[in-house]
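A.B. asks: Below are the sequence and a predicted model; questions follow.
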Amino acid sequence: MKNMDFVDILKPRNTQFGIINFMTKPWEPKKTMSLDVKCDPRLLKKIVLSSTYIDSFIDAESRKVGIPKQQLKNEVINYLDEIAMDKKLHIIRWMGIVFLKISFMMKIGMFVNEPAVLKLKESLGKNPVLFLPTHRSYADFCLLTYLCFHYDIELPAVAAGMDFYSMAVVGKSMRETGAFYMRRTLVGAPLYAATLRHYVRTLVAKHNAPVEFFLEGTRSRSNKSMAPKYGMLSMCLLPYFAREVMDMTIVPINISYDRLVEQSLFAYEHLGVPKPKETTGGLLKSLGKLNDNFGNIYVQFGETISLNAYLGDQGLTPASLLPLDLLTLAADQKKKVQKVAEYAVSLQQSNTVVTITNLLAIVLMDSLIKNEALTLDDAFREVEGLIDMLRSLGARVYETDVRRSVHRILVVHRSLMAVQGNKLRLIAGDPMTFSPEVRKKMKGHSLGSETIVSAVPVIQLQLYVNPVLHYLVPPALLYLLASRGPAHAENIIYNEYKEIRALLRYEFFYVKEQEEIEFEAAQEYCTRNGLLHESAGVHAGTDARAGVCAGALCWVALPALCTLQIAAQLLSEQRVWPHKEALRLVQARAEASRAHPYCLSLEAAANCLRGLLDVGVLTQTDSQEETYEVHPTKLQETLDLVNSVIPKLSLDFGANNSVIVSHKTVSSKL
């Protein structure tokens, strides 16, 4: 078991004067860099505005579009006012008080691997630092800011989307606690893009605080790692490639939740219900719903990445002779940015803290698929077995007392799962009526009310299975490939494994360079546990030791494989498909076939289409309209492979499933 030395940093504040005393303490934070000139927020804007880069860009743009330079310079000033942070310590203190008050209202514990944070703090002062946390909830914005205040580390400058910018009070308060704003797309606004790029570059190179942003670019509605986006990281690494700074430290951070505030919203978004617009009024209305038990949050700081150590000496290039301000990324440097981004995501994954919520969700999903309700004692044993299994697969499982923690999680998730008649049950959703306005904006297929009611709780449960899948999917795919009948040669199994992994890369993100090591580790695990035997080829094992392990490995990849199968069958019917039409019909067929409810996810369907595009089964013919051309031969080969590995399971997530109960029949007492 890997070291899990966690400390609840909120607990000491939960006293009569704990919040006020702490948030008004003298505060002398540790800086990320020792700089001769202190660049406060106003000076940062001034440096950007007077830079050679912006001046030359304005000059070129003026000649191109025929607009006077002063007018374009005024636009840059307005853009900087829109983008730039404006930290104010007194606002930071007030926002800290609000954060702590809400945290105690939500009965949250914030567990941090303190030795890693202290080790990082000790190393600060030499070069820029990038915080790269996972993004699972809006709460992520507050957590690291509070953590830095707690440990006397300079508060990070946090990249935020424009959704918050227009929120009354909230948008300004976020800016004054360190947020800087960026638009979701830079297309069609070259001067804005240039201003943002240079502001971020200046922030990294000349400000003495960490810069924090989310590699995914948005919250992961699936609660698992998504493929990274490269734009923000490219801006941040430019000072390094330009030799403006000699090194840079990247800190991958995993944030795990016992209960996501947005779990219900995420489930509906998967089904195509539009995301509500963020407003201050909506935030105030939602505060009442936060007066509940949301369990623990686990913040795991991973091993830091030194760019010098990871990328090696960058040397000098012809571009290096240009003035620093005018340097841009070369093609090979862009590839290195992608390499760093994917490696950082893999480190976020390896630092996942597997919680009792994740384990109980897997046990309950297994029970649902088998249509066999478990007694609470059986659930305890299954959770303990999963802990052993996941630890042997390299997972970090934070647990000391299984029985006590299971009871705690049943309180945290009392609207999703409960014990009834001494059996662990999933609580069915409430019927929901959508307004005509919402119905009009819904994406995808128009799902039936019964489908939505039965799908929502299962999708919510799947959200807590998902964070663990990067540990389980490799041995699961290997086991399914080996279970097809007669023994197969190892090289055939490996090639087919690679094909499926590539098809599902956007559902189960992985780094391709680590694929062989990952396969060998999965093979070793399966062989050691009786899941595989190697005699005249590879075939599935029948060893008694395989029982518990094989049960979970049979279904963990099922929703993704079934969605891929439905998509491939649909695409085989014609040669050209608009993206939106394909998504709609995949969802419609998933409903008609009564597949696993997670197959109704528009995100899962889109991930499958991206995978098919990546491997050459589809070709994108119109990037603006997102239209695909199908390559029938490749598609049929893919469909044959997927059909061969899908486990033959009889699924029923409706009223006939003995594990599902109505919320009206569940006792309020556990």
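C.D. replies: Received the coordinates, thanks.
A.B. asks: The closest residue to Ile646 other than its chain neighbours: how many residues sit nearby?
C.D. replies: Computed as C-beta to C-beta, 6 or more residues apart in numbering, the closest residue to Ile646 that is not its neighbour in sequence is Leu561, at 5.1 Å. Glycine gets a C-beta too; all of them are placed from N, C-alpha and C. When neighbours are defined as other C-beta atoms under 10 Å, Leu561 has 25 of them.
A.B. asks: how about Leu561, secondary structure?
C.D. replies: helix (DSSP: H, G, I helix; E, B strand; the rest coil).
A.B. asks: unless I'm mixing things up, it is touching Leu641, no?
C.D. replies: No - checked against C-beta atoms under 8 Å, the pair Leu561 and Leu641 is beyond contact range at 10.2 Å.
A.B. asks: joint contacts of the two?
C.D. replies: Both Leu561 and Leu641 are contacted by Ile500, under the criterion C-beta atoms under 8 Å, 6 or more residues apart in numbering.
A.B. asks: ok, back up a step: and the residue nearest to Ile646, how close does it get to Val642?
C.D. replies: Leu561 sits 6 Å away from Val642 when distances are taken as C-beta to C-beta, to the nearest Å.
A.B. asks: Paired strands for the longest strand that the chain contains, with orientation please.
C.D. replies: Criterion DSSP state E: the longest strand present in the chain is strand 249-257. As defined by DSSP bridges, the strand partners of strand 249-257 come to strand 129-133 (parallel), strand 296-301 (antiparallel), strand 305-306 (antiparallel).
A.B. asks: what's the longest one in contact with?
C.D. replies: Same thing as strand 296-301. 6, 8, 108-113, 116-117, 120, 139, 143-144, 147, 251, 253-258, 351-353, 355, 396, 398.
A.B. asks: thinking again about what came up before, now the longest strand of the chain - C-alpha only, PDB.
C.D. replies: The C-alpha trace of strand 249-257 is given here as PDB (Å, rounded to 0.1, in the frame of the first residue of the first chain):
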ATOM      1  CA  THR A 249       7.700  22.800 -12.000                       C
ATOM      2  CA  ILE A 250       4.400  21.000 -12.800                       C
ATOM      3  CA  VAL A 251       2.300  19.700  -9.900                       C
ATOM      4  CA  PRO A 252      -0.400  17.100 -10.900                       C
ATOM      5  CA  ILE A 253      -3.200  17.000  -8.300                       C
ATOM      6  CA  ASN A 254      -6.100  14.600  -8.000                       C
ATOM      7  CA  ILE A 255      -9.200  15.800  -6.200                       C
ATOM      8  CA  SER A 256     -11.700  13.000  -5.200                       C
ATOM      9  CA  TYR A 257     -15.100  13.500  -3.800                       C
END
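A.B. asks: I'd like to know the average pLDDT value across it.
C.D. replies: What strand 249-257 shows for mean pLDDT is 97.
A.B. asks: contacts for stretch 94-109?
C.D. replies: 8, 10-11, 13-14, 19-20, 22-23, 110, 142, 146, 149, 173, 176-177, 287, 290-297.
A.B. asks: just the buried members of these?
C.D. replies: Neighbour-count burial (16 or more other C-beta atoms under 10 Å) applied to those gives 10, 13, 19, 22-23, 110, 142, 146, 149, 173, 176-177, 292, 294-297.
A.B. asks: which ones are touching Ala157?
C.D. replies: Ala157 neighbours (C-beta under 8 Å, 6+ apart): 85, 178-180, 203, 207, 209-212.
A.B. asks: Closest to Ser367 out of those residues?
C.D. replies: Of all the contacts of Ala157, Ser367 sits closest to Glu212, with 39.3 Å by C-beta to C-beta.
A.B. asks: hey, what's the closest one bridged with?
C.D. replies: Under the criterion used (DSSP bridges), Glu212 bridges to Phe131, Val158.
A.B. asks: Could you give the number of residues near it?
C.D. replies: Neighbours around Glu212, by other C-beta under 10 Å: 25.
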